[in-house]
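# Sharing a model that was predicted from the sequence below.
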Amino acid sequence: MFLRPAGPVSALLFVAAGLGPALPAAAACLSDAEVAALVDSYQAKKPAPDRFEGMSDADGACTRAKFNAQLASKIGGPAVGYKAGLTNPAVQKRFGASAPVWGTVYAPMLLKNGAIVDANFGARPLFEADLMVRVSDPAINQAKTPEQVIAAIDQVIPAIELPDLVVEPSAKLNGAAISAINVGARYFVLGEPIPADRKIELIDALPGMRIVLMGGEGDLDVGFGRDVLDHPLNAVVWLVQDLQKNGLALKKGDLVSVGSFSKLLPPKPGKIEAQYQGLPGNPTVTVLFK
């Protein structure tokens, strides 16, 4: 005889008994063993299995904490700052996210301008135009405007980020999952630092700067400073507020990556150049993929 479930409780019993379709399991904070396997995949530059679908923000933050605790003991250098990710609405849309996320940056991730890097530098390697700032005053932790941020930094550093999505291509990564993998932090190629002493000039130049990403086939993408939360330093405002929720704060000397000004693109052998038109000196950053 076919029994029809009479209500919500009966419906759950109906499924549990195997008499109806199983509900998809939601991801949770990964176990220590699962995180160890994820870190091993990161170190081996091999895509990790997908265990992230349906992950909540809280579980993403929990997994990120475990991931960084294990990675810090293996990466061979100290934490030097943070990466704000998904600060560009176009990148948020790609991952179905509605808010930024953050990860930790470690010293071995920092490369010099003109660095030569294997095109297969990660499990799922990508590149994008980025920008870093260096903290000079802990007062930045109370910043609520770009003007207050620029008063507490001493360098603006054009950069090309080389992120790594780590997880197998078939995975459906949402904002929480991006957080869980430390926002894909792998490498940052740093250009010549721009002293932030001309604060009025910089505060106006940053949202209006035009970033041209070029490769062997010409222009790959073009972005503007305002593509990151209307002003790149708004990424820092968001970051300090979210760090506070986690009992953390920026300190003097910390570097902060503000996010992407271009599409996420897969690397292939050849030279990539990012031009920061409108910043003092119109600086460029280059990386050579081999």
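All right, it came through fine.
# can you give me how far stretch 272-282 is from the chain middle?
Centroid separation for stretch 272-282 versus its chain: 22 Å, with Cα atoms, centre = their mean, to the nearest Å.
# now for the host helix or strand of residue 274, which elements pack on it?
Residue 274 is part of strand 270-277 when elements are defined by DSSP states H and E. Applying 3 or more Cβ pairs under 8 Å, 6 or more residues apart in numbering; DSSP states H and E, one finds that strand 270-277 contacts strand 153-162, strand 210-215, strand 284-289. C-betas here are computed from N, CA, C, even on glycine.
# what is the orientation angle of that strand with strand 210-215?
Here the directions of strand 270-277 and strand 210-215 differ by 170 degrees (axes from the mean of the first three to the mean of the last three Cα atoms, to 10 degrees).
# which residues are contacting strand 270-277?
127, 129, 131, 158-160, 191, 209-216, 220, 262, 282-289 (Cβ atoms under 8 Å, 6 or more residues apart in numbering).
# Show me which residues of it are buried.
272, 273, 274, 275, 276 (16 or more other Cβ atoms under 10 Å).
# Now do the nearest residue to residue 60 once chain neighbours are set aside: how many residues are near it, please.
Leaving aside its sequence neighbours, residue 60 sits nearest to residue 176 (Cβ to Cβ, 6 or more residues apart in numbering; 3.1 Å). Counted with other Cβ atoms under 10 Å, the neighbours of residue 176 add up to 23.
# May I ask you to confirm that residue 176 is in contact with residue 62?
No. Residue 176 lies out of contact with residue 62 (Cβ atoms under 8 Å); the separation is 9.8 Å.
# and stretch 267-280, how far apart are its ends?
28 Å (Cα to Cα, to the nearest Å).
# Let me see the mean pLDDT of that stretch.
Mean per-residue pLDDT for stretch 267-280: 97.
# please begin residue numbering at 311 from this point
OK, 311 is where the count begins now, so the last one is stretch 577-590.
# Now do the strands in the chain.
389-395, 411-416, 420-422, 425-427, 438-445, 463-472, 497-500, 504-505, 520-525, 528-534, 565-567, 580-587, 594-599 (DSSP state E).
# Turn these into JSON lines, columns for distance to residue 348.
Output for the strands of the chain, formatted as JSON lines (distance: least, Cβ to Cβ, whole Å):
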{"stretch": "strand 389-395", "distance to residue 348": "17"}
{"stretch": "strand 411-416", "distance to residue 348": "13"}
{"stretch": "strand 420-422", "distance to residue 348": "23"}
{"stretch": "strand 425-427", "distance to residue 348": "22"}
{"stretch": "strand 438-445", "distance to residue 348": "22"}
{"stretch": "strand 463-472", "distance to residue 348": "19"}
{"stretch": "strand 497-500", "distance to residue 348": "18"}
{"stretch": "strand 504-505", "distance to residue 348": "36"}
{"stretch": "strand 520-525", "distance to residue 348": "30"}
{"stretch": "strand 528-534", "distance to residue 348": "30"}
{"stretch": "strand 565-567", "distance to residue 348": "21"}
{"stretch": "strand 580-587", "distance to residue 348": "28"}
{"stretch": "strand 594-599", "distance to residue 348": "25"}
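# can you tell which of the ones you listed is closest to residue 549?
Among the strands of the chain, the nearest to residue 549 by Cβ to Cβ is strand 389-395 (4.8 Å).
# Report all helices and strands that the closest one contacts.
Partner elements for strand 389-395 (3+ Cβ pairs under 8 Å, 6+ apart): strand 411-416, helix 544-555, strand 565-567.
# Tell me which of those is the most buried.
Compared across the helices and strands packed on strand 389-395, strand 565-567 shows the largest average neighbour count, a mean of 26 (mean count of other Cβ atoms under 10 Å).
# what's next to that one, contact-wise?
By Cβ under 8 Å, 6+ apart, the residues outside strand 565-567 that reach it are 390-394, 415, 420, 440-445, 467, 469, 471, 498, 545-546, 549, 560.
# How far does that strand sit from its chain's centre?
Strand 565-567 has its average C-alpha position 11 Å from the chain's average C-alpha position, going by Cα atoms, centre = their mean.
# Which strands border it, and is each parallel or antiparallel?
Note on strand 565-567: by DSSP bridges, its sheet partners are strand 389-395 (parallel), strand 438-445 (antiparallel).
# what mean pLDDT would you report for that strand?
Taken as a whole, strand 565-567 has a mean pLDDT of 98.
# So what angle separates the directions of the longest helix along the chain and strand 389-395?
Longest helix of the chain, by residue count under DSSP state H: helix 367-382. Orientation check (the same axes, to 10 degrees): helix 367-382 against strand 389-395 gives 150 degrees.
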